[in-house]
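**Student:** after the sequence you'll find the predicted model.
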Amino acid sequence: METSIIVSGFGGQGTLFAGQVLAYAALDAGKQVTWIPSYGPEMRGGTARCTVIISDEEIGSPLTRNPSSVIALNLPSLDMYEPLIESGGLLIVNSSLIPRKVEREGVRDIYIPASEMAEEIGNVRLANMLMIGALLEAEEILPLEIVKKSLKEHIPERHKNTLPNNFKAMDEGAKFIKELALAV
């Protein structure tokens, strides 16, 4: 099984960090992984995205034209990746910052008010981890507990104090998907 994921948003939203979290967890789980960051010249406010490919077998290319999953943290990201996601792919949309619905047919779309939910936890910058939790609950990529364990092992010591809120954000994203599934 090979899964390609794009996490995209503005610089400062933690898109590259979200991809790194997935990549480290996949490596720790014995998977083959690529992680390719891409960002504009601005530190905050410019475009930032990363591609993560996770596979049980050797990966032929670190690039993907048609990702199987996209986390769109802002409107330019949705505009860019909506036409590119593979048919049947999953598009997770931060409805706090994206005022429109997915127009393309043939893809699965989930709207999560990630920025608002992150603020309720205490920091809007946790929206990335909310979206990761939602992705992991919606798709069988990696178990959430493996991702948490990996984050705990790989996060620099100076940031260990952020772990409880990162874990809570992931849990809230997963819970949102569970409740959404029950409501359908």
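**Tutor:** Sure thing, it's come through. Given the structure is predicted, the values throughout are model-derived calculations rather than measurements.
**Student:** spatially nearest residue to Gly106, not counting backbone neighbours?
**Tutor:** Ser87 (4.7 Å; CB to CB, 6 or more residues apart in numbering). Where C-beta positions appear, they are placed from N, C-alpha and C, glycine not excepted.
**Student:** so what's the residue count around Thr162?
**Tutor:** The tally of other residues near Thr162 (other CB atoms under 10 Å) stands at 16.
**Student:** ok, now which ones touch it?
**Tutor:** Residues in contact with Thr162 (CB atoms under 8 Å, 6 or more residues apart in numbering) are Ile155.
**Student:** show me what the longest helix anywhere in the chain is packed against.
**Tutor:** Assignment by DSSP state H gives helix 163-183 as the longest helix of the chain. The elements that helix 163-183 packs onto, with contact taken as 3 or more CB pairs under 8 Å, 6 or more residues apart in numbering; DSSP states H and E, are strand 108-112, helix 114-121, helix 127-138, helix 144-154.
**Student:** give me the contacts around the third one.
**Tutor:** Spelled out, that is helix 127-138. Contacting residues not belonging to helix 127-138 are listed as 5, 7, 9, 13-15, 17-18, 21-22, 69, 71, 73, 90, 92, 94, 96, 110, 112, 114-115, 117-118, 141-144, 147, 166, 169-178 [CB under 8 Å, 6+ apart].
**Student:** select only the buried ones of these in ChimeraX?
**Tutor:** Buried subset of these, written as a ChimeraX selection, criterion 16 or more other CB atoms under 10 Å:
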select :5,7,9,13,14,15,17,18,21,22,69,71,73,90,92,94,96,110,112,114,115,117,118,141,142,144,147,166,169,170,171,172,173,174,176,177
